[in-house]
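> Sequence and predicted structure are below.
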Amino acid sequence: MSGFHVVKFKQIDSTNNYLKNSYKLLDNFTFVTADYQTNGKGRNDRVWSSNEGENLMFSFLIKDQDLLKKFHALSIISAVEVAKLLEEYQFTGVSIKWPNDVLINEKKVCGILLEGQILEYVVVGIGLNVNQKVFPDGLRRPATSLSLEANKDFNIDEIEQKLFSNIVRDLSNLDEEQYLEYFRNHNYLLNKRVKVMVNDEPFIGEVLGIDANYFLQIKTSDMLLHIDSGEIEIL
Ligand code: BTN
């Protein structure tokens, strides 16, 4: 298995920002963790807030050229890695809301934010709610944590070690078919009626699945859409 480095911070603005600012000096598979982020970032310019020391927050850097060509795959692959680990911990009701929210019993337990520059680098940022028990009101979708779902606390360092080594092992020897199959078996949106915006135009349809390029397939009344990114609203 390829090696990897881990840089740990007690507090930082955002582990994604750290890697984006320093990627030139750092190796492929550099992992950065923080107990607390002062400017945690979510998708679509949202804030990712997380209580200090209660959750796993990290980012890892990809510079390997073969992996960089698979930007869309990396988003799904990262979610599948988290979901598979949760099943290793015997969680049931694990699903993935395309492209990369991981849910337990339909509540969000993990969010993932990919940033980077095409064919130069990708930063994958992952926030997994582990021991947090209270979440702010008014979240877009109900949140949960491992501890709320299992009624016990978890060792964050142990989860971190397992997840990092699984990610490095699997990305060093990528088997894309397995990821597609896993995703298809855990696709939260499957058969749901959804609304999606494409170039500022709303489309309503039913989710059929994901194609071999990891695009979401939505059947509207008169066409089959293949969506590569965007917000999906369940109706
Ligand atoms: C989302 O669901 O909106 C994505 C959330 C991603 C949060 C993680 S926490 C570690 C990394 N650093 C950040 O600033 N964001 C990601």
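Received, thanks.
> What is the burial count for the residue of the chain at minimum distance from the ligand?
Per C-beta to the nearest ligand atom, Gly111 is where the chain lies closest to the ligand, at 2.2 Å. Using the backbone N, CA and C atoms, a C-beta is placed for each residue, glycine as well. Other residues near Gly111 number 23, with proximity taken as other C-beta atoms under 10 Å.
> got a pLDDT number for the residue nearest to it when sequence neighbours are not counted?
Here the nearest residue to Gly111 in space, its sequence neighbours aside, is Gly127; by C-beta to C-beta, 6 or more residues apart in numbering that works out to 5.1 Å. Gly127 carries a pLDDT value of 98.
> what residues are up against Gly127?
Gly127 is in contact with Gly40, Gly42, Trp48, Ser50, Asn55, Leu56, Met57, Cys110, Gly111, Ile112, counting by C-beta atoms under 8 Å, 6 or more residues apart in numbering.
> Could you rerun that using 10 Å?
Contacts for Gly127 were tallied using C-beta atoms under 10 Å, 6 or more residues apart in numbering; they are 15, 37, 40-42, 48-50, 55-59, 108-113.
> next one: Glu106
With C-beta under 10 Å, 6+ apart as the criterion, the residues that contact Glu106 are Gly93, Ser95, Lys97, Arg141, Pro142, Thr144, Tyr188.
> So the first one sits against Ala150, correct?
No - judged on C-beta atoms under 10 Å, Gly93 makes no contact with Ala150 at a distance of 11.5 Å.
> ranges for the helices of the protein?
Shown for the chain, the helices assigned by DSSP state H span residues 15-22, 65-68, 71-88, 146-150, 156-171, 176-185.
> The last one versus helix 71-88: what angle between them?
Going by axes from the mean of the first three to the mean of the last three C-alpha atoms, to 10 degrees, helix 176-185 is angled at 70 degrees with respect to helix 71-88.
> Now helix 176-185: average pLDDT?
For helix 176-185, the per-residue pLDDT values average out at 96.
> For the chain, which residues are neighbours of the ligand?
Selection of the chain residues close to the ligand by C-beta under 6 Å from any ligand atom yields 14-16, 37, 40-43, 46, 48, 57-59, 101, 111-113, 125-127.
> Point out where the protein drops to low pLDDT.
Applying pLDDT under 70 to the chain picks out residues 1-2.
> Strands of the chain, residue ranges please.
Listed in chain order, the strands of the chain (DSSP state E) span 5-12, 30-37, 56-62, 94-97, 101-104, 107-117, 121-128, 193-198, 201-210, 216-219, 224-227, 232-234.
> Next, format the ones you listed as JSON lines and append distance to Leu171.
Below are those laid out as JSON lines (distance: least, C-beta to C-beta, whole Å):
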{"stretch": "strand 5-12", "distance to Leu171": "15"}
{"stretch": "strand 30-37", "distance to Leu171": "12"}
{"stretch": "strand 56-62", "distance to Leu171": "8"}
{"stretch": "strand 94-97", "distance to Leu171": "17"}
{"stretch": "strand 101-104", "distance to Leu171": "17"}
{"stretch": "strand 107-117", "distance to Leu171": "13"}
{"stretch": "strand 121-128", "distance to Leu171": "10"}
{"stretch": "strand 193-198", "distance to Leu171": "29"}
{"stretch": "strand 201-210", "distance to Leu171": "19"}
{"stretch": "strand 216-219", "distance to Leu171": "23"}
{"stretch": "strand 224-227", "distance to Leu171": "24"}
{"stretch": "strand 232-234", "distance to Leu171": "26"}
